[in-house]
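Visitor: Quick check, what structure comes out for this input:
(one chain, ligands or ions: 1)
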Amino acid sequence: MKAIIPEKKLRVGVIGATGMVGQRFISLLENHPWFDVVTLAASPRSAGKRYEDAVGDRWKMPTPMPEAVKDMIVYDASEVEKVAATCDFVFSAVDLKKDEIRAIEEAYAKTETPVVSNNSAHRWTPDVPMVVPELNPQHYEVIEFQKKRLGTKRGFITCKPNCSIQSYTPMLHALKEFEPTVVVATTYQAISGAGKTFKDWPEMIDNVIPYIGGEEEKSEQEPLRIWGHIENGEIVKASSPIITTQCIRVPVSDGHTAAVFVNFKKKPTKEQILEAWKNFKGLPQELGLPSAPKQFITYFEEDNRPQCKLDREIEGGMGVCAGRLREDAVYDWKFVGLSHNTKRGAAGGAILSAELLVAKGYITAK
Ligand code: NAP
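Guide: Numbers count the residues shown, from 1 in each chain. Below you'll find the model as predicted:
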């Protein structure tokens, strides 16, 4: 398949632009070859203000605010028709109650504006695809059924999974032919996953918190939806492997680590696992999408890698890392994974999804 490359840049809106994820979208989209940020929307508190004034001292990115957005006047995200009229599609990162997010994202889709969402609200809506572009791009086929339900021609919603699962699901996916049966994973999650920095969460310095609300259920269930299939216009989740997780907050700014144990129906050799990880490629690599990492999974031979500080930015934060692969006394194999939670796991993953949707003709200029 050849990628459709847009003749001119598509006009993008960011809904929830003043928040942490919205800021990450804006930073990652600066100088994007296919997308131009033209519209920023947030709550009525920010509406009508210059973006720089609306954000005030809340800018949390390590790089400065792009000049191009500073003077943009922020829209009220609830003025859906007004916002939708300005752009070809939107990235959604609003923080509202789940039912309110579902409603506002559907309202945008119904204005014939595709919504690429960072939120969890639609992850289990049967006809909304939840996609990691390298793993389950075939789930975009369910969009046709969703459009029929919404009564739209080009408007639809798609979303990405929780940030935690990218630290182990890609490695397991690359080993699917060996049929994983049981997965036990503990995730060590960065504070940016809660939208925080050490400045605004000083209690996290020198601390570990053994609870992240709702995270274990997401970490256990969402990989099964990724591995599910389409039946009667809906995604039906896979029934195996059995996954059990513990999710722990650790004093790390960015980067989720996972310690994983796994049993297989057909136990692979170490060489087979390393080969499978090294050679794994998805559609984004085949199509050469702008944000696609060249090497999706990188294995580190050193015993003390991957490390958050050293390795989270691999492939611009869009690659995932593995290390410490060894046989286990209780399970077949154990290993450690790492992925950048706000790049690959959030805004970067959503941007890669949007690129794939453009390349496959689902998102076009209006
Ligand atoms: P945040 O920093 O609190 O930002 C929330 C954004 O939503 C702001 O732009 C805010 O605008 C806007 N908003 C709030 N109330 C609104 C309203 N009534 N109408 C329209 N816009 C409204 O949150 P965040 O950390 O960026 O997270 C955004 C979403 O992504 C959440 O649903 C969160 O669960 C999800 N998420 C976050 C992460 C992460 O790493 N942080 C990871 C995965 C998923 P104002 O500035 O005007 O209030």
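
Visitor: which is the next helix or strand following the helix or strand residue 224 falls within?
Guide: Mapping residue 224 onto the secondary structure by DSSP states H and E places it in helix 215-226. If you walk from helix 215-226 toward the C-terminus, the next helix or strand you reach (DSSP H and E) is strand 229-231.

Visitor: sorry, back to before: tell me the mean pLDDT over the helix holding residue 224?
Guide: The predicted model assigns helix 215-226 a mean pLDDT of 98.

Visitor: Residues contacting it, please?
Guide: 120, 123-124, 130-132, 135-136, 161-162, 164-165, 169, 172-173, 183, 185, 187, 189, 235, 237-239, 243-247 (CB atoms under 8 Å, 6 or more residues apart in numbering). Just so you know, the C-beta spots here come from the backbone N, C-alpha and C atoms, and that holds for glycine as well.

Visitor: among those residues, which ones are buried?
Guide: Taking 16 or more other CB atoms under 10 Å as the criterion, what is buried in the contacts of helix 215-226 is 120, 123, 130-132, 135-136, 161-162, 164-165, 169, 172-173, 183, 185, 187, 189, 235, 243, 245-247.

Visitor: show me what contacts the residue in the stretch 1-150 of the chain that the ligand sits nearest to?
Guide: Among residues of the stretch 1-150 of the chain, the one nearest the ligand by CB to the nearest ligand atom turns out to be residue 19. It sits 1.9 Å away. Residue 19 makes contact with 42, 93-95, 195 under the criterion CB under 8 Å, 6+ apart.

Visitor: Pick the one among those residues closest to residue 76.
Guide: Of all the contacts of residue 19, residue 42 has the smallest distance to residue 76: 7.8 Å, by CB to CB.

Visitor: Surely residue 258 is within a strand?
Guide: Yes. For residue 258, which was evaluated using DSSP: H, G, I helix; E, B strand; the rest coil, the result is membership in a strand.

Visitor: Flag the shaky bits of the stretch 51-200 of the chain, pLDDT-wise.
Guide: Along the stretch 51-200 of the chain, the model assigns pLDDT under 70 to no residue.

Visitor: Can you name the residues of it sitting close to the ligand?
Guide: Taking CB under 6 Å from any ligand atom, the part of the stretch 51-200 of the chain that reaches the ligand is made up of 77-78, 93-96, 118-119, 163, 192-193, 195.
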